[in-house]
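In: the sequence isn't on hand, but the structure is:
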């Protein structure tokens, strides 16, 4: 295969991975798994996982979980839904799994975040609050309090 053909294939693969990432961004609250995403991209689950990790630095499943936690953070900051309602609204089917993943990425339990974030982010535009409170990716949270600068 020539260099141009290899580069063209690489660009097609990246476009396909971008579509998978965009689908996760759009459908994060739906029941998605790697097999479903791979089938939609006409790849095997293993191949999708390897290529996605190479392109974005984390697995498709990890990216989905992070996206769900980001949305949960926004809903918890709003303060009008309970932690359980937020859990189901962002696509988790287990409150325990939601709480564990949330605590792993954010550094505090969802109930603590809901209580503290409302006071800390008060008066802050939502676009700024989203950037300031973005969850940690690819490693566990290293702080013991909410990540609200």
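Out: That came through, no problem. Since the structure is predicted, the reported quantities are computational estimates derived from the model, not experimental observations.
In: can you pull out the helices in this protein?
Out: Along the chain, counting by DSSP state H, helices occupy 3-27, 34-40, 45-56, 60-78, 83-89, 95-106, 110-120, 126-132.
In: and those, which is most packed in?
Out: Stretch with highest mean neighbour count among those: helix 60-78 (a mean of 21; mean count of other C-beta atoms under 10 Å). For every residue, glycine as well, the C-beta is placed using N, CA and C.
In: which strands or helices does it pack on?
Out: Under the contact definition 3 or more C-beta pairs under 8 Å, 6 or more residues apart in numbering; DSSP states H and E, helix 60-78 sits against helix 3-27, helix 34-40, helix 45-56, helix 83-89, helix 95-106, helix 110-120, helix 126-132.
In: among these, which is nearest residue 67?
Out: If you check each of the helices and strands packed on helix 60-78 against residue 67 by C-beta to C-beta, helix 3-27 wins as the nearest, at 6.0 Å.
In: mean confidence for the closest one?
Out: Averaged over helix 3-27, pLDDT sits at 90.
In: ok, now stretch 79-97?
Out: For stretch 79-97, the mean per-residue pLDDT is 95.
In: end-to-end on that stretch?
Out: Its start and end residues considered, stretch 79-97 measures 21 Å (C-alpha to C-alpha, to the nearest Å).
In: residues in contact with that stretch?
Out: By C-beta atoms under 8 Å, 6 or more residues apart in numbering, the residues outside stretch 79-97 that reach it are 28-32, 68-69, 71-72, 75-76, 98-99, 101, 110-111, 114, 118.
In: switch to 6 Å and redo it
Out: 28, 29, 68, 71, 72, 75, 76, 98, 110, 111, 118 (C-beta atoms under 6 Å, 6 or more residues apart in numbering).
In: tabulate these (TSV), appending distance to residue 88.
Out: What follows is the contacts of stretch 79-97, written out as TSV (distance: C-beta to C-beta, whole Å):
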residue	distance to residue 88
28	13
29	9
68	11
71	12
72	10
75	11
76	13
98	9
110	12
111	15
118	20
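In: what is the lowest-pLDDT residue among those?
Out: Minimum pLDDT across the contacts of stretch 79-97 falls on residue 118, with 63.
In: residues contacting the nearest residue to residue 55 once chain neighbours are set aside?
Out: Leaving aside its sequence neighbours, residue 55 sits nearest to residue 17 (C-beta to C-beta, 6 or more residues apart in numbering; 5.0 Å). By C-beta under 6 Å, 6+ apart, the residues touching residue 17 are 51, 52, 55.
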